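K.L.:
sequence and computational prediction follow.
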Amino acid sequence: MNRQFGDQFRNRRVLITGHTGFKGSWLSVWLTELGAKVIGYSLDPPTEPNNFQLCKLQEKLIHHSGDVRDVENLTKVIRSSRPEIVFHMAAQPIVLDSYRAPKDTFDTNVMGTVNLFEAVRQTDTVKAVVVVTTDKVYVDQGWYWGYRENDRLGGFDPYSSSKAMAELAVSSYRSAWREAWHEGNDRITFSNHPVAIASARAGNVIGGGDFARFRLLPDCMRACMEGQPVQVRRPESIRPWQHLLEPLSGYLCLALRLLEDPETFGQAWNFGPAERQPVTSRAVIEKAIEYWGSGRFETGAQPDDGHETPVLRVNWDQAAHLLSWSPAYTWENAVNETVTWWKLYKTMLEKDASSVDMYQVCADHIEEYVECARNQGIEWASGGSIK
């Protein structure tokens, strides 16, 4: 693992909010394998089962139980843990849940982000913050092509709009830090230390360890394991499907670049899949069933569950040109890796909990992904420093 990212994460103190979630747990595994000193701040895992407990991550990192809406506790943890890098991933991430509990969604996704920055303002060790939002922050223009980072922000549903609002908070705090520090304005009393800030917008991620409801691959895998037909509500919907390790590699690249050049890299970034051609939900499910070896899908009734964009794609040219980042997997690779993880999980369930080390399963998946990226000459995987 030490050939990745120029070994620049070794012994760095890194705090992850939302480390008990799907993406947060995988990022925790990756940073642990890279030799970082990982501190997590999060509510209890959002599902049962969950990847955090399956990987026994509470034994491998410093775990703090807490809510990002509790600014006093969050500040206390950041002050005491003294991280250099922060990945803000804590969120209410489910669109349908945002209709049921819009206030909680806005409180968590907007004010949780504000609270993080308020805590960082009071800690002199933090140098870089990567705030993870979503590709759904863009106003639905009905476009067939991918949205760019400078396209209009908005959001039809409470989840999407809450994340767009979080982006505005990121932009405001970033500007305030720049005004107070990088431009040397001594009239502004904002913080006693400079901080580099970026936001990251990823497409629809898939991968093992996601047990959330109302998500395509988890619902598919559960149905296959139970011998039930897979219900697909909108099979022709187009999404930027990608394995979760793709954006995670982008987040890690971005954090290191922020430390080196806050002015250039302190902005919003899209991370999307390799395919420039559209991929439908139908194609993803058919491929998952093929890799699983059995199963069938049915088109379910179109539910009255709110607005849903039929086509959503993101353009990641900026990351390619400035970060030298690119995806390593095709969408078929992403589906195959996801199904492989679920097969190992099924083996564990059929035998006993000690029969399969799920932490090692995730670590092995990361190593396979790194090797794939290295074979393609992708910079962060090559062993040199990130430049």
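P.N.:
Yep, that arrived.

K.L.:
can you give me the strands for the chain?
P.N.:
Under the criterion DSSP state E, strands of the chain are mapped to 13-17, 37-42, 62-65, 85-88, 128-132, 196-202, 205-206, 230-232, 242-243, 268-271, 297-299.

K.L.:
closest to residue 162 out of those?
P.N.:
Minimum separation from residue 162 across these (Cβ to Cβ) falls at strand 128-132, 12.9 Å. Every residue, glycine included, has its C-beta placed from N, CA and C.

K.L.:
comparing the strands of the chain, which gets the lowest mean pLDDT score?
P.N.:
Among those, strand 297-299 has the lowest mean pLDDT, at a mean of 86.

K.L.:
quick one: least confident helix or strand in the protein?
P.N.:
Ranking every helix and strand in the chain by mean pLDDT, DSSP states H and E puts strand 297-299 at the bottom, with a mean of 86.

K.L.:
what is it packed up against?
P.N.:
Packing contacts for strand 297-299, counted by 3 or more Cβ pairs under 8 Å, 6 or more residues apart in numbering; DSSP states H and E, involve strand 230-232, helix 281-292.

K.L.:
next, the buried residues of the longest one.
P.N.:
For helix 281-292, the neighbour count (16 or more other Cβ atoms under 10 Å) marks 281, 283, 284, 285, 286, 287, 288, 289, 291, 292 as buried.

K.L.:
ok, the shortest one next?
P.N.:
For strand 230-232, a neighbour-count test (16+ other Cβ under 10 Å) marks 230, 232 as buried.

K.L.:
which helices and strands does that strand pack with?
P.N.:
helix 216-226, helix 281-292, strand 297-299.

K.L.:
one step back: who touches the least confident helix or strand of the chain?
P.N.:
220, 229, 230, 231, 232, 233, 235, 282, 285, 286, 289 (Cβ atoms under 8 Å, 6 or more residues apart in numbering).

K.L.:
ok, now stretch 93-100?
P.N.:
21, 92, 105, 134, 136, 157-160, 162, 212-214, 305-306, 308.

K.L.:
closest one to residue 359 out of those residues, please.
P.N.:
The closest of those, once distances to residue 359 are taken by Cβ to Cβ, is residue 21, at 16.2 Å.

K.L.:
count the neighbours of that closest one for me.
P.N.:
When neighbours are counted by other Cβ atoms under 10 Å, residue 21 registers 27.

K.L.:
could I get the helices and strands packed on strand 230-232 as JSON lines with distance to residue 17?
P.N.:
Output for these, formatted as JSON lines (distance: least, Cβ to Cβ, whole Å):
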{"stretch": "helix 216-226", "distance to residue 17": "22"}
{"stretch": "helix 281-292", "distance to residue 17": "29"}
{"stretch": "strand 297-299", "distance to residue 17": "36"}
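
K.L.:
would you mind telling me which of those is nearest residue 353?
P.N.:
Nearest to residue 353, of the helices and strands packed on strand 230-232 and by Cβ to Cβ, is helix 216-226 at 16.7 Å.

K.L.:
what's the closest one packed up against?
P.N.:
Checking 3+ Cβ pairs under 8 Å, 6+ apart, helix 216-226 ends up next to strand 230-232, helix 281-292, helix 331-350.

K.L.:
if we can go back for a sec, widest-spaced pair of the contacts of strand 297-299?
P.N.:
For the contacts of strand 297-299, and using Cβ to Cβ, no pair is farther apart than 233 and 289, which are 16.5 Å apart.

K.L.:
is it true that residue 107 touches residue 69?
P.N.:
Yes. Counting by Cβ atoms under 8 Å, residue 107 does reach residue 69; the two are 5.5 Å apart.

K.L.:
dump the residue contacts of the closest residue to residue 371 other than its chain neighbours.
P.N.:
Leaving aside its sequence neighbours, residue 371 sits nearest to residue 381 (Cβ to Cβ, 6 or more residues apart in numbering; 7.9 Å). Going by Cβ under 8 Å, 6+ apart, residue 381 touches 3, 4, 249, 328, 370, 371, 373, 374.

K.L.:
could you check how far residue 202 is from residue 245?
P.N.:
11 Å (Cβ to Cβ, to the nearest Å).

K.L.:
same check, this time on residue 339
P.N.:
From residue 339 to residue 245 the distance is 15 Å (Cβ to Cβ).

K.L.:
these two: which is more packed in?
P.N.:
residue 245 (27 against 23).

K.L.:
how much space between that one and residue 109?
P.N.:
Plainly put, residue 245 is 24 Å away from residue 109 if you go by Cβ to Cβ.

K.L.:
and for residue 87?
P.N.:
15 Å.

K.L.:
same thing with residue 243?
P.N.:
For residue 243, the distance to residue 109 - Cβ to Cβ - is 24 Å.

K.L.:
before we move on, what about residue 129?
P.N.:
Distance of residue 129 to residue 109, computed by Cβ to Cβ: 16 Å.

K.L.:
one more: residue 200?
P.N.:
Taken as Cβ to Cβ, the span from residue 200 to residue 109 is 14 Å.

K.L.:
the more surrounded of the two?
P.N.:
residue 109 (27 against 23).

K.L.:
out of everything not next to it in sequence, what's closest to that one?
P.N.:
That would be residue 162: by Cβ to Cβ, 6+ apart, it lies 3.9 Å from residue 109.

K.L.:
next up, the contacts around the nearest residue to residue 53 once chain neighbours are set aside.
P.N.:
Leaving aside its sequence neighbours, residue 53 sits nearest to residue 45 (Cβ to Cβ, 6+ apart; 6.1 Å). Residue 45 makes contact with 20, 21, 52, 53 under the criterion Cβ under 8 Å, 6+ apart.

K.L.:
just the ones in helices from those, please.
P.N.:
Members of those lying in helices (criterion: DSSP state H): 52, 53.

K.L.:
between the contacts of residue 45, which is nearest residue 153?
P.N.:
residue 21 (23.3 Å).

K.L.:
all set now, cheers.
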